[in-house]
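Novice: following is a predicted model, sequence given first.
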Amino acid sequence: MAVQTAFKNKMELSMAVSLGSSLQIALFVAPLLVFISLLMGNPLTLVFNQFEIVALFVGVLIAAFVAQDGETNWLEGAQLLTVYAVLALAFFFVPV
């Protein structure tokens with residue numbers, strides 16, 4: 001839905017839908033997965049190491065800088081995709 005509203009040039013609604021969806025996942029699905037993992041015998045904790053906390057902080061900071069002006073273009077989208085790719089590669093290659 002966020003992509004459809006962005007195509008209709010309603011960026012404020014698109015950002016609200018995207019952020020609301022992310023918040024819903026963070027507040028509902030992640031704790032639910034912790035409880036399900038306990039039932040399956042392979043406990044999942046929400047304890048993060050320093051690398052994960054720094055990566056989360058950097059990702060949020062960059063996304064906030066991009067969304068701060070309330071406007072967007074293809075270059076900012078490409079920058080966000082690049083941040084996502086860099087973080088994915090970092091988590092793939094850095095031993096945890």
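Specialist: Received, thanks.
Novice: rest of the way, CA atoms for contacts and neighbours
Specialist: Fine.
Novice: now do the strand or helix carrying Gly77: which elements does it pack against?
Specialist: Taking DSSP states H and E as the definition, Gly77 sits inside helix 74-93. Packing partners of helix 74-93 (3 or more Cα pairs under 8 Å, 6 or more residues apart in numbering; DSSP states H and E): helix 50-67.
Novice: what does the helix it packs on contact?
Specialist: 72, 76, 80, 83-84, 87 (Cα atoms under 8 Å, 6 or more residues apart in numbering).
Novice: below-threshold pLDDT in this protein: ranges please.
Specialist: Applying pLDDT under 70 to the chain flags the ranges 96.
Novice: walk me through the domains of it.
Specialist: Here the domain parsing of the chain from automatic domain parsing is 1-44, 48-96.
Novice: picking up where we left off before, buried residues in the helix holding Gly77?
Specialist: Of all the residues in helix 74-93, those buried under the rule 16 or more other Cα atoms under 10 Å are 80, 83, 87.
Novice: quick check: closest non-adjacent residue to the second one.
Specialist: Using Cα to Cα, 6 or more residues apart in numbering and skipping the chain neighbours, the partner closest in space to Val83 is Gly59 (7.1 Å).
Novice: please apply the same query to the first one.
Specialist: Of all residues beyond its chain neighbours, the one nearest Leu80 is Ala63 (7.0 Å), with distances taken as Cα to Cα, 6+ apart.
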